[in-house]
Every structure is written in structure tokens, then in C-alpha cells.
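**Q** below: sequence and its predicted model.
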Amino acid sequence: MVAEGAAAPPLLSVEGLTLQYRTRESLVTATYRVSFEVLASDRYVILGPSGCGKSTLLKAVGGYIKPVEGSIRLNGREIARPGPDRVLVFQEFDQLLPWKTVRENVLFALTASGRLKGRAASERADEYIAKVHLTKFADSYPHQLSGGMKQRVAIARGMAMEPEILLMDEPFAALDALTRGKMQEELLQLWEDTKVTLLFVTHSIPEAVRIGNRILLLSPHPGRVRAELGSAGVDSVGPDGRTLSGRIESLLFDEAPISRESAHG
Ligand SMILES: Nc1ncnc2c1ncn2[C@@H]1O[C@H](COP(=O)(O)OP(=O)(O)OP(=O)(O)O)[C@@H](O)[C@H]1O
């Protein structure tokens, strides 16, 4: 029970997380003692340069990589393995099953995971296919769709699972700029509609500013927390006369001390 007036406990709590890859020749530290908390209905963005461990972090939250140090808890429970309460959407266009139609792809995720079956599963699949405006393409196969449409199916499939948290690893990075902008807009509309908690990885500063309500900045390899900032969705000028993206850029690339900042601090 949360005492009246107390802040809600975090949905996801990452504490002192060190993640490594051990190959035969070497030991690669992907993230070093990373801590952050995601609240229910956050659009939490992890931003950092290539190789700073963003994807590794997301895979660890997905339950696919075990920490060498630290912990990841969802609703207070340690994450030990993948589960339908955390769904991953990737950048690649080939994440759909090519031999299944749009509807079958969404349906299969629901039934194979045991989330829903029968009519309830079909109705849920159709509901989310409609939410991403693909009803007319429900019987099409992935090869008949554009890159943006395939990503919409992957998002519909993930959201239809109604996970506790939707993990998105640069889902729009392989799209052209116009489609990418449109997909960002659509994702924000879907979020308005569902209030699903998002954990969204990107290396694009404008995308982070647009999508996130909170943005975690990671330093270059190995990833450490550099700062956490709030965003209101626009690249506004703060009291210091600098834009949010300008502040992010200097925090990421200048050798400033590690700090946590508030939204418009
Ligand atoms: N399977 C692996 N085996 C060994 N090292 C790996 C493996 N996967 C990633 N790494 C290393 O771990 C570090 C973090 O990689 P990761 O892919 O998490 O970074 P990223 O921030 O997501 O990068 P990008 O934005 O380029 O996708 C990098 O140094 C990378 O080379």
C-alpha cells in the first residue's frame, strides 16, 4: 500500500546496473553502474552515442541479458527472464513472421504467449490493427507492406499484448525522415490513447525531445548516466537561453560532471 500523498512507486527500477559481454578474447563492459526509474505511463527515452550500451540495456530489461552487478525490478520483482509483461520492438523491418498476414502476426503473439485465445484474441488483434490504421491491410503479408507499415504492425503486435512496459529499440531509425516524423506523431497519439509505459532507445536528439517526457543521457562507451532531463515535447528555450537540444548536446559531448537535472532547471 502506498501512503496517501506519497509518490507512486516506480514501475521499473534499475539500480547500479553493469552489463558485460564476455567473448573468448575479451570482456566488453556495455554499461557501468547505470541507475534510473521509470514511472507508469512515462515515455522514458534512453539517449546516447552509438555503442554506449542502449540496446544492451533494453535487452537486459527484456530479460535476455543477466546483469553482472546491480538489479532490475518491475513492480518490485526482480527480472529474471523474458516475459509477456515486457515486449520489444526493434529497428529491423524483418521482425514480423513473413509467412503470416498482418492479422496473423498480431494474433500469433497473443495466442502463443497465452495472453488471449479465440474470439477475444481476434478482437484484440483487430482493435490494435485499427489503432495503427492498417485495417485495410490486415490480410496482407509483410512483403506487401512499406517499411513504415511493417513498423506499425510491430507496434500493434507489441501494444496488443498490453505489456506493463513497451521496449522500443530505435524503431524508426531505418525509416526515411518524412516517414519517421509521421511515425513519431502516431506513436504519441497511440500513447495518448493507451497511456502505455514506453522505454524508448534512440541516438537522435530531436527524436528524444519529441518522444520523451523524461530523457536519460548516457556517456559514450561504456554507458554511464550523465544526466536526466524532462521534455515537454518541443525544443523549448530554457531560462539559461539555451534550447533543450543544445543542453543535451553539451551534456553528451562536453566533459561536464555527471548530474541529474529537472525538466526546466
Ligand atoms: N554480442 C556482443 N558481444 C560482444 N560485444 C557486444 C555484443 N553486443 C554489443 N556489444 C558491445 O557492447 C557495447 C554496447 O553495444 P550496444 O549495441 O548496446 O550499444 P548501442 O548504444 O545500442 O549502440 P547503437 O546505437 O550503435 O545500436 C558496444 O561496445 C558493442 O560493441
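**A** That came through fine.
**Q** for the stretch 101-250 of the chain, just list every one of the helices.
**A** In the stretch 101-250 of the chain, the segments counted as helices under DSSP state H, counting those that start in this stretch are 102-112, 118-131, 147-160, 177-194, 205-211, 244-253.
**Q** can you lay out those as JSON lines showing distance to the ligand?
**A** Bear in mind the C-beta positions are built from the backbone N, C-alpha and C, glycine included. Supplementary listing: these in JSON lines, determined by distance: least, C-beta to the nearest ligand atom, whole Å:
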{"stretch": "helix 102-112", "distance to the ligand": "24"}
{"stretch": "helix 118-131", "distance to the ligand": "27"}
{"stretch": "helix 147-160", "distance to the ligand": "17"}
{"stretch": "helix 177-194", "distance to the ligand": "16"}
{"stretch": "helix 205-211", "distance to the ligand": "12"}
{"stretch": "helix 244-253", "distance to the ligand": "12"}
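**Q** out of the ones you listed, which one sits most buried?
**A** Neighbour counts averaged per stretch over the helices of the stretch 101-250 of the chain are highest for helix 147-160, at a mean of 23; criterion: mean count of other C-beta atoms under 10 Å.
**Q** quick one: that helix to helix 118-131, angle?
**A** 140 degrees (axes from the mean of the first three to the mean of the last three C-alpha atoms, to 10 degrees).
**Q** what's the angle between helix 147-160 and helix 102-112?
**A** 30 degrees.
**Q** just checking, what packs against helix 147-160?
**A** In terms of contacts (3 or more C-beta pairs under 8 Å, 6 or more residues apart in numbering; DSSP states H and E), helix 147-160 is packed against strand 86-89, helix 102-112, helix 118-131, helix 177-194.
**Q** and the second one, average pLDDT?
**A** Translated: helix 102-112. The average pLDDT for helix 102-112 rounds to 96.
**Q** again with the first one
**A** Computed over strand 86-89, the mean pLDDT rounds to 95.
**Q** could you count how many residues lie near Pro220?
**A** Neighbouring residues of Pro220 were enumerated by other C-beta atoms under 10 Å; the total is 15.
**Q** need the contact list for it.
**A** Applying C-beta atoms under 8 Å, 6 or more residues apart in numbering, we find Pro220 in contact with 48-49, 51-52.
**Q** just checking, Ser55 is part of a strand?
**A** No: for Ser55, which was evaluated using DSSP: H, G, I helix; E, B strand; the rest coil, the result is helix, with no strand membership.
**Q** in CSV: the helices of the stretch 101-250 of the chain, plus distance to Thr29.
**A** Converted to CSV, the helices of the stretch 101-250 of the chain look like this (distance: least, C-beta to C-beta, whole Å):
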stretch, distance to Thr29
helix 102-112, 33
helix 118-131, 38
helix 147-160, 29
helix 177-194, 31
helix 205-211, 24
helix 244-253, 19
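**Q** those: lowest mean pLDDT?
**A** Looking at the helices of the stretch 101-250 of the chain, the lowest mean pLDDT belongs to helix 244-253 (a mean of 91).
**Q** who touches it?
**A** With contact meaning C-beta under 8 Å, 6+ apart, helix 244-253 is reached by 47-49, 205-206, 208-209, 215, 217, 219, 226-227, 229, 231, 235-236, 238, 240, 256, 259.
**Q** thinking again about what came up before, now narrow the contacts of Pro220 to whatever sits close to the ligand.
**A** Filtering the contacts of Pro220 for proximity to the ligand (criterion: C-beta under 6 Å from any ligand atom) leaves 48, 51-52.
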